[in-house]
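In: I need the structure of the sequence given here:
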Amino acid sequence: MQKISVSLREQPFYINRFSGYHPSMATHHLHQDYEIYYLSKGERIYIINGEEYLVKNQHLVFIDKNVIHKTVKKSNQVYERMVINFRECFLSLGEQHIVKQLFENGPYIISIPQNKRELINTIIMRLFEEYQKNLKERDMYLRSLLSQLLIESNRLIEDACPLEKMKVSGQQDNTGKNEIEKIITFINNNFTSDISLGVLSYHFHVNEQYISRLFKKYTGCSFIEYLNAIRINEAKRYLIHTSLKVNQIAGKVGYSNHVHFWRVFKRNTGMSPNQFRILKAER
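Out: From the prediction side, this is the model:
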């Protein structure tokens, strides 16, 4: 069983910067946000749906929602990167068609041409700087900058030759894509309840085997692996930010049996809930 980290951010826009040396990500990653990964220095290996791709200096990577991915080190060299995550609701309806072109037909990895590097870097740095502030009408400014980045990125992809586009896979079969997104949204909103393949089958009027196939196809993991990842992520928040007992946390995140919760937590994190709480308290 592969370990999967699931992000359930409340904010519709998020940007994170890292500069330095960082080892490989411990777990695969999955979220309902669109992701733009900008590598401004160094090299990383990007694993997308189980396939490895070399991402180099001045490359952009566009990752659709619910696509399993992670980065691992290429060497011991320092690297610098920005990761931008956003949802459709952060943009106007008129701008969302660009998102479809950039993400739903991808994923894409593209090298930024020399004559566009200063412009792309400036837009991304302004996004990061504005995000750090809490000024009036910040979201409006962020939205404007993000729109510029999406437009420029779309033009780069349209202008690039087929080899430069570096599309991760060939013609994709998108059958069931809308369904799995609705199912994942339902799970994210109801994971604390008694949820199962049977519940999903009843709610969405499709059989359990079909749902299982969709999960494997679009996330690379099974339904139960995804559900456990979400519940364990939420349990970590309770362990860090509250003084609730482990059996109370188990119930709050959807486990009726706290012993089963303990086993799943240890299998996913390599430590017990109490060990995790102690470790985080010491930092």
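
In: does the closest residue to V206 other than its chain neighbours sit in a helix, a strand or a coil?
Out: Among residues not flanking V206 along the chain, E179 sits closest, at 7.2 Å (C-beta to C-beta, 6 or more residues apart in numbering). Every residue, glycine included, has its C-beta placed from N, CA and C. Here E179 is helix, with the state taken from DSSP: H, G, I helix; E, B strand; the rest coil.

In: and E179, what does it touch?
Out: Going by C-beta atoms under 8 Å, 6 or more residues apart in numbering, E179 touches 204, 206, 214.

In: so what's the residue count around the closest residue to M82 other than its chain neighbours?
Out: Once flanking residues are discounted, M82 sits nearest to Y38: 4.4 Å by C-beta to C-beta, 6+ apart. Residues lying near Y38 (other C-beta atoms under 10 Å) number 25.

In: identify the residues contacting the strand or helix carrying Y38?
Out: Here Y38, judged by DSSP states H and E, is contained in strand 34-41. With C-beta under 8 Å, 6+ apart as the test, strand 34-41 has contacts from 19, 46, 55-65, 69, 71, 78-88, 99, 103, 120-121, 124, 149, 153.

In: try stretch 250-264
Out: Contact with stretch 250-264 is made by 191-195, 227-228, 231-232, 234-235, 238, 244, 246-247, 249, 272-273, as judged by C-beta under 8 Å, 6+ apart.

In: circling back to that earlier point, out of the contacts of strand 34-41, list just those in helices.
Out: 99, 120-121, 124, 149, 153 (DSSP state H).

In: filter these to the buried ones?
Out: In the ones in helices among the contacts of strand 34-41, burial by neighbour count holds for 99, 120, 124, 149, 153, counting by 16 or more other C-beta atoms under 10 Å.

In: thinking again about what came up before, and the strand holding Y38, C-alpha only, in CSV?
Out: Below are the C-alpha coordinates for strand 34-41, written out as CSV (Å, rounded to 0.1, in the frame of the first residue of the first chain):
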residue,chain,number,x,y,z
TYR,A,34,-4.7,23.0,-9.7
GLU,A,35,-0.9,23.2,-9.2
ILE,A,36,1.8,25.2,-11.0
TYR,A,37,5.3,24.2,-10.1
TYR,A,38,8.1,26.7,-11.1
LEU,A,39,11.7,25.5,-10.8
SER,A,40,14.0,28.6,-10.9
LYS,A,41,17.2,26.8,-10.0
